[in-house]
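Colleague: A structural model of the following input is requested.
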Amino acid sequence: MGKQEVIDYLIKKKSPATQKEMAEKLRIGRANISTSCRSLKKENAIIITPSRRGCFTEYMISLNPIYMRRKF
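Modeller: Numbers count the residues shown, from 1 in each chain. Below is the predicted model:
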């Protein structure tokens, strides 16, 4: 449902984004973004990098450059 929107947003932004940021900009629920990211990670389309902020873990989501060369 939201896989193509996530990829389009990351292409447009050209930098890593968080789930919270994507939920605000795309107006999609965070659960849908999370499900989309899991399936995109299996396809090696995105790279998910965890970053610690105190006791919280924030995940930065970015496009895989190899995927960009292969698909587009």
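
Colleague: any idea how far the residue positioned nearest the centre of the chain lies from residue 52?
Modeller: In the chain, the centroid-proximal residue (C-alpha atoms, centre = their mean) is residue 61; its distance is 4.0 Å. To residue 52, residue 61 is 16 Å away according to C-beta to C-beta, to the nearest Å. To be clear about C-beta, it is placed using only N, CA and C from the backbone, and glycine gets the same treatment.

Colleague: downstream neighbour of the lengthiest helix in the chain in the secondary structure list?
Modeller: Longest helix in the chain by number of residues (criterion: DSSP state H): helix 30-42. Going down the chain from helix 30-42, the next helix or strand is strand 46-53, by DSSP states H and E.

Colleague: so which bits of that next one are buried?
Modeller: By 16 or more other C-beta atoms under 10 Å, the buried positions in strand 46-53 come out as 46, 47.

Colleague: ok, and what's touching that strand?
Modeller: With C-beta atoms under 8 Å, 6 or more residues apart in numbering as the test, strand 46-53 has contacts from 6-7, 10, 16, 37, 40-41, 57-64, 67.

Colleague: before we move on, what's the pLDDT of residue 58?
Modeller: Model confidence at residue 58, given as pLDDT, is 92.

Colleague: with residue 1 instead?
Modeller: The model reports residue 1 with a pLDDT of 61.

Colleague: also residue 30?
Modeller: The score at residue 30 is 88. That number is its pLDDT.
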